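> Below is the sequence, then the predicted model.
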2 protein chains.
Amino acid sequence: MGRLTADAEAATQLAAQVSSEQFKAIFRHHPGGVAVITLSGPEGPVGFTATSVISVAAEPPHLAFSVAAASSSREAIDSASSVVVNFLGDDQHEIASQFARRNIDRFAGVDWSPLPTGEPLLAGTTGWIRGTIENRVAVGDSLLVTVRAEAADHVEGPSPLVYVDRTFHRLGPHSRLG
Amino acid sequence: MGRLTADAEAATQLAAQVSSEQFKAIFRHHPGGVAVITLSGPEGPVGFTATSVISVAAEPPHLAFSVAAASSSREAIDSASSVVVNFLGDDQHEIASQFARRNIDRFAGVDWSPLPTGEPLLAGTTGWIRGTIENRVAVGDSLLVTVRAEAADHVEGPSPLVYVDRTFHRLGPHSRLG
């Protein structure tokens, strides 16, 4: 069973509300794989970096990700019917940074090509999934988007990019536990 | 622009469906921070390991996670009104494994105590968030759960646990890029 000190601290915390700042601080320390989500917008290719991509169901395959209210891609997601999730490798952290920057052409200098269905596919990733948007759930001031996977490919070998505490990390034997 | 070979491969992939196996293989290589989600069930404390916890909104603070159809905790989640997300540190991979095992007392030997609101709080984590379940979205054969954060605490210092490709990893200066 737990420690009395933990109990007392917990009771104090329960009495307070969670501030946005505290919530963000906790998730800043929660690691995530890094993806660039791309779609075909009315004015050309759209893409944004996401560390919130999760597998939801395997049968049939579905994933989910969140889009903040303030995201410059929010409008494009609202009107898109399909997206591609491009999973970045550990040599692609500059692409991750580029697709998180505002007021630039995020595709400038990036090696990409449109899928036959129109969505931009980034080169050099560890894998990708194309799918149809099924649900857009309004959660707080954000959107939780669910996607049914319809096409995919991946390569064995390259190690995935990880983001935590505003820094990028590489996983491998050097980081492995146990 | 992209490579012709990538285009040809992509067209081939688009013609096929995504199998559950291929989908799982892609997400096996997508890293995630590790949490144990706990709740107070009708027959005592319930907990399960989750690598699908994401921040959805900061204002007001909301998170989400997925629960597979086959999860032994599915029924408990269906009837719970609140949960605690316990974020594991890099010295807690044995707890992560224990809370993923079937047909055992997952709380055996684990240092925990109930919050005043009843949910089990694990000791030694990097932080925790208690919240109320707001949405249960049926996605494929799984459930996507959204939670409004109501209480939280975290400690600065310990490094978070990461899971990828069936192995646990520690992040730090040794894994940092750039």
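Here it is on my side, so go on.

> hang on, isn't A:Ala69 packed against A:Asp141?
Yes. Between A:Ala69 and A:Asp141 there is a contact at 4.0 Å, judged by CB atoms under 8 Å. All C-beta spots, glycine's among them, are computed from the backbone N, C-alpha and C.

> Can you show me the strands along chain A?
A:32-33, A:35-41, A:44-50, A:54-58, A:61-67, A:82-87, A:112-114, A:120-122, A:127-139, A:142-154, A:161-164, A:167-170 (DSSP state E).

> quick one: which of the ones you listed is nearest B:Phe27?
Proximity to B:Phe27 (CB to CB) singles out strand A:54-58 among the strands of chain A, at 4.0 Å.

> The closest one: how far from the chain's middle?
What separates the centre of strand A:54-58 from the centre of its chain is 13 Å, taken as CA atoms, centre = their mean, to the nearest Å.

> Report all helices and strands that that strand contacts.
Secondary-structure packing of strand A:54-58 (3 or more CB pairs under 8 Å, 6 or more residues apart in numbering or on different chains; DSSP states H and E): strand A:61-67, helix B:20-28, strand B:61-67, strand B:142-154.

> what about 10 Å?
On a contact count with 3 or more CB pairs under 10 Å, 6 or more residues apart in numbering or on different chains; DSSP states H and E, strand A:54-58 meets strand A:61-67, strand A:142-154, helix B:20-28, strand B:61-67, strand B:127-139, strand B:142-154.

> Report the inter-axis angle for that strand versus helix B:20-28.
If you take axes from the mean of the first three to the mean of the last three CA atoms, to 10 degrees, strand A:54-58 sits at 160 degrees to helix B:20-28.

> on that earlier part again, what touches both of A:Ala69 and A:Asp141?
With contacts taken as CB atoms under 10 Å, 6 or more residues apart in numbering or on different chains, A:Ala69 and A:Asp141 have B:Ala57, B:Ala58, B:Glu59 as neighbours in common.

> Filter those down to the buried ones.
Neighbour counting with 16 or more other CB atoms under 10 Å in any protein chain shown marks B:Ala57, B:Ala58 as buried within these.

> Save the helices and strands packed on strand A:54-58 as a markdown table, and put in distance to B:Ala35 and mean pLDDT too.
Output for the helices and strands packed on strand A:54-58, formatted as a markdown table (distance: least, CB to CB, whole Å; pLDDT from 0 to 100):
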| stretch | distance to B:Ala35 | mean pLDDT |
| --- | --- | --- |
| strand A:61-67 | 16 | 97 |
| strand A:142-154 | 18 | 97 |
| helix B:20-28 | 16 | 96 |
| strand B:61-67 | 8 | 97 |
| strand B:127-139 | 9 | 97 |
| strand B:142-154 | 12 | 97 |
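
> List just the one of the ones you listed that sits closest to A:Glu134.
Per CB to CB, nearest to A:Glu134 of those: strand A:142-154, 4.9 Å.

> List the strands paired with the closest one, with their directions.
Strand A:142-154 pairs in its sheet with strand A:61-67 (antiparallel), strand A:127-139 (antiparallel), by DSSP bridges.

> May I have it exported as PDB, CA atoms only?
C-alpha atoms of strand A:142-154 as PDB (Å, rounded to 0.1, in the frame of the first residue of the first chain):
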ATOM      1  CA  SER A 142      -9.600  20.600 -29.900                       C
ATOM      2  CA  LEU A 143     -10.600  17.800 -32.400                       C
ATOM      3  CA  LEU A 144     -10.000  14.100 -31.900                       C
ATOM      4  CA  VAL A 145     -10.000  12.500 -35.400                       C
ATOM      5  CA  THR A 146     -10.400   8.800 -36.100                       C
ATOM      6  CA  VAL A 147      -9.200   7.300 -39.300                       C
ATOM      7  CA  ARG A 148      -9.900   3.900 -40.900                       C
ATOM      8  CA  ALA A 149      -6.700   2.600 -42.500                       C
ATOM      9  CA  GLU A 150      -7.100   1.700 -46.200                       C
ATOM     10  CA  ALA A 151      -3.500   1.500 -47.500                       C
ATOM     11  CA  ALA A 152      -0.100   1.200 -45.900                       C
ATOM     12  CA  ASP A 153       3.500   0.400 -46.300                       C
ATOM     13  CA  HIS A 154       6.500   0.200 -44.100                       C
END
